[in-house]
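J.: Just a sequence and a predicted model for now, questions to come.
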Amino acid sequence: MDTTPKQKPYAATGTEASWHRGWILTDAKREKFRQTSLKSQAAKARAMRGECNKPKHPIPTPRLDPCTLMPKRRPNGLRALSLFSGGGGLDIGFDRAGYEHVASYDILPLVANVLGEAWPERRVIAGDAGDVTQMDWRIYRERVDVLHGGPPCQPFSHAGSRAGAADVRDMIPELVRAVVEIRPRAFVCENVSGLATKQFARYLQAVLFEPLSRNYTIRMFILEAASFGVPQRRKRVFFVGFSNKQAAERFCEPTPTHVWDSATTKLSKTMGAREALGLDTLGFDGLAPTIRSGLTGPRHSTSVVNSATSLRDWNALGIWPNGVAPDRHAASLFVAKGGHYRLSLADCMVLQGFPADWPIKPPVYKALGLIGNSVAPPMGYAVACAVAKALSMPPNRTRTTSSSREARHGRAYGVRLRGSLK
Ligand SMILES: C[S@@+](CC[C@H](N)C(=O)[O-])C[C@H]1O[C@@H](n2cnc3c(N)ncnc32)[C@H](O)[C@@H]1O
């Protein structure tokens, strides 16, 4: 094993980082922002002292329990390895789909607190030791059936400068290296849908398809979180690869379980954001706009707004997406402009599809970083179930026979196939 320390390309942070793009502001504009921020801090302090004389919002009880969107399945005998685990969105999906995780890796130390509290038995490697660029993955060979990960999306996101491979945060080559070294039976790679645009077609060909397609049959598809009952507009691209051709042929992309904008279907209706949060009706509801990651810039942000359009949509919903409060009580004390409902971390978790008791905690900007960066768990669950189904069917059965049998039993087969590792 080569023990020479590897270079850490992304070691710089804040305004020192190569991806930092400062705002070009006049002194007058900068001063205006400063004054607004000071005013808002003072208003918050008054509110927390109970000096808010406007009517308080009653604290709502959410109507959506995201766990109902991803019923826990029995163990399926498949072993998963999680890279770039973050707040655990994809991990939750795989866990509830019946996988057993061998380990979870992330460079953020905070991830150890969240995943460690949620799953005390889980091997969570976070902080410097969780840096995927420093790993020799061969230790996991023969020990992992499915490798999954959502590498950082900033190099491909429409919210950033879309520098792709030129952005040192691009970790897709690292996920590919892990697949090559471990040779799992299947892998799942998730990212923003911007990665599936023409701009990155060559990049994907060179970085993902070419190195892996000799040993894997790879499928690429885009899913919408609202199609799985999540009350938010959130599109993500998935790459799913199988080392076994039959498993790849059996694989079916997850089909929607829910629908938002049609009454003429037998699918369940996705709740609107207000209904999901338990807010009173305005005679109008809608999906929440895509929740932004709070960790996308060098400054700490407690806002979930990711564009001018999304701000307009939050306004229309009567929901205040800036200054997210640490909890519902604090949110109710600090009445937002126009009497709009102020979001709390717990609300953001509902809108993202996290279980209500998921241990993501303040500080708010760090918690929002984990929530906004995550795969909506019910969407991850749908992919995890589809992969388990393709891997778990006995090879001599046809798809129809197997799926009707599965429908009878209401679960995937717990059979582990051997011999597909190259
Ligand atoms: C898009 S988020 C993943 C979210 C996760 N899949 C989920 O569903 O919650 C990307 C994660 O990659 C992590 N990351 C970035 N560079 C890394 C590195 N070199 N090693 C390990 N993790 C890294 C970040 O800390 C972040 O949590």
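T.: Yes, it's here. Numbering: from 1, shown residues only.
J.: In terms of helices and strands, where is Phe239?
T.: Phe239 is part of strand 235-242 when elements are defined by DSSP states H and E.
J.: Next, the buried residues of that strand.
T.: 235-242 (16 or more other Cβ atoms under 10 Å). In this view, the C-beta of every residue, glycine as well, is placed from N, C-alpha and C.
J.: outside of it, which residues touch it?
T.: 179, 185-193, 195-196, 208, 212, 216-225, 248, 251, 375-376, 379, 383, 386-387, 390-391 (Cβ atoms under 8 Å, 6 or more residues apart in numbering).
J.: for the chain, which helix is longest?
T.: helix 27-48 (DSSP state H).
J.: so does the helix or strand following it get close to the ligand?
T.: The helix or strand immediately downstream of helix 27-48 is strand 79-83, counting by DSSP H and E. No: Strand 79-83 stays clear of the ligand (Cβ under 6 Å from any ligand atom), getting no nearer than 6.8 Å.
J.: Could you name the helices and strands sitting against strand 79-83?
T.: If contacts are counted by 3 or more Cβ pairs under 8 Å, 6 or more residues apart in numbering; DSSP states H and E, strand 79-83 sits against helix 89-96, strand 100-106, strand 146-149, helix 172-182.
J.: Going C-terminal from the last one, what's the next secondary structure element?
T.: Put plainly, it is helix 172-182. Criterion used, DSSP H and E; the element after helix 172-182 is strand 186-192.
J.: quick one, that following strand and helix 89-96 angle?
T.: Calculated by axes from the mean of the first three to the mean of the last three Cα atoms, to 10 degrees, strand 186-192 forms an angle of 140 degrees with helix 89-96.
J.: which residues touch the spatially closest residue to Glu190 that is not a sequence neighbour?
T.: The shortest distance from Glu190 to any non-neighbouring residue, by Cβ to Cβ, 6 or more residues apart in numbering, is to Gly150 (4.0 Å). Shown in contact with Gly150 (Cβ under 8 Å, 6+ apart): 84, 86, 89-90, 189-191, 373-375.
J.: sorry, back to before: Provide the angle between the direction of the strand holding Phe239 and the direction of helix 172-182.
T.: Calculated by the same axes, to 10 degrees, strand 235-242 forms an angle of 20 degrees with helix 172-182.
J.: quick check: mean pLDDT across the helix or strand that strand 235-242 is followed by?
T.: Reading on from strand 235-242 to the C-terminus, the next helix or strand found by DSSP H and E is helix 245-250. For helix 245-250, the mean per-residue pLDDT is 97.
J.: Distance-wise, check the residue nearest to Arg234 when sequence neighbours are not counted relative to Val350.
T.: Distances taken as Cβ to Cβ, 6+ apart place Ala225 nearest to Arg234, at 3.9 Å, with adjacent residues excluded. Going from Ala225 to Val350 by Cβ to Cβ, to the nearest Å gives 13 Å.
J.: between the two, which one's more packed in?
T.: Ala225 (29 against 26; other Cβ atoms under 10 Å).
J.: shouldn't the more buried one be in contact with Gly380?
T.: No: the pair Ala225 / Gly380 is not scored as a contact, 9.8 Å apart, by Cβ atoms under 8 Å.
J.: can I assume Gly88 is in contact with Pro359?
T.: No: under the criterion of Cβ under 8 Å, Gly88 is not in contact with Pro359, lying 9.3 Å apart.
J.: Please enumerate the shared neighbours of these two.
T.: In contact with both Gly88 and Pro359: 114, 118, using Cβ under 8 Å, 6+ apart.
J.: who in the stretch 101-250 of the chain is up against the ligand?
T.: 105-108, 130-133, 150, 152-153, 171.
J.: Pop the domain breakdown of this protein in here.
T.: As assigned by automatic domain parsing, the chain contains the domains 71-261+376-409, 270-372.
J.: Now render these as JSON lines, adding distance to Leu38.
T.: Formatted as JSON lines, those follow (distance: least, Cβ to Cβ, whole Å):
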{"stretch": "domain 71-261+376-409", "distance to Leu38": "27"}
{"stretch": "domain 270-372", "distance to Leu38": "13"}
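J.: now for those, which one comes closest to Leu64?
T.: Leu64 sits nearest to domain 270-372 of all the domains of the chain, at 3.8 Å, using Cβ to Cβ.
J.: Can you get me the start-to-end distance on the closest one?
T.: Start-to-end span of domain 270-372 (Cα to Cα, to the nearest Å) is 20 Å.
J.: for Ala125, phi and psi?
T.: Quick fix: residue 125 is Ile, not Ala. phi -110, psi 110 (degrees, to the nearest 10).
J.: Apart from its chain neighbours, what residue comes closest to it?
T.: Once flanking residues are discounted, Ile125 sits nearest to Tyr105: 5.1 Å by Cβ to Cβ, 6+ apart.
J.: Up against the ligand, what does the stretch 301-422 of the chain have?
T.: 373-375.
J.: who wins for neighbours among these?
T.: Most neighbours among these, by other Cβ under 10 Å: Val375, with 30 neighbours.
J.: Correct me if wrong: that residue contacts Gly93.
T.: Yes: counting by Cβ under 8 Å, Gly93 is a contact partner of Val375 at 6.7 Å.
J.: just to revisit the earlier point, which among the contacts of strand 235-242 end up buried?
T.: Looks like the contacts of strand 235-242 have 179, 185-193, 195-196, 208, 212, 216-218, 220, 223-225, 248, 251, 375-376, 379, 383, 386-387, 390-391 buried, using 16+ other Cβ under 10 Å.
J.: for the stretch 201-350 of the chain, which spans come out with low pLDDT?
T.: 294-299 (pLDDT under 70).
J.: Check the stretch 1-150 of the chain too.
T.: 1-7, 9-24, 52-57.
J.: just the helices in the protein please.
T.: Under the criterion DSSP H, helices of the chain are mapped to 27-48, 89-96, 110-118, 172-182, 201-204, 210-212, 245-250, 273-277, 308-316, 328-333, 345-352, 364-372, 377-392, 399-409.
J.: Buried residues in the first one, which are they?
T.: What it means is helix 27-48. Neighbour-count burial for helix 27-48 [16+ other Cβ under 10 Å]: 43-44, 47.
J.: elements contacting it?
T.: Against helix 27-48 (3+ Cβ pairs under 8 Å, 6+ apart) you get helix 328-333.
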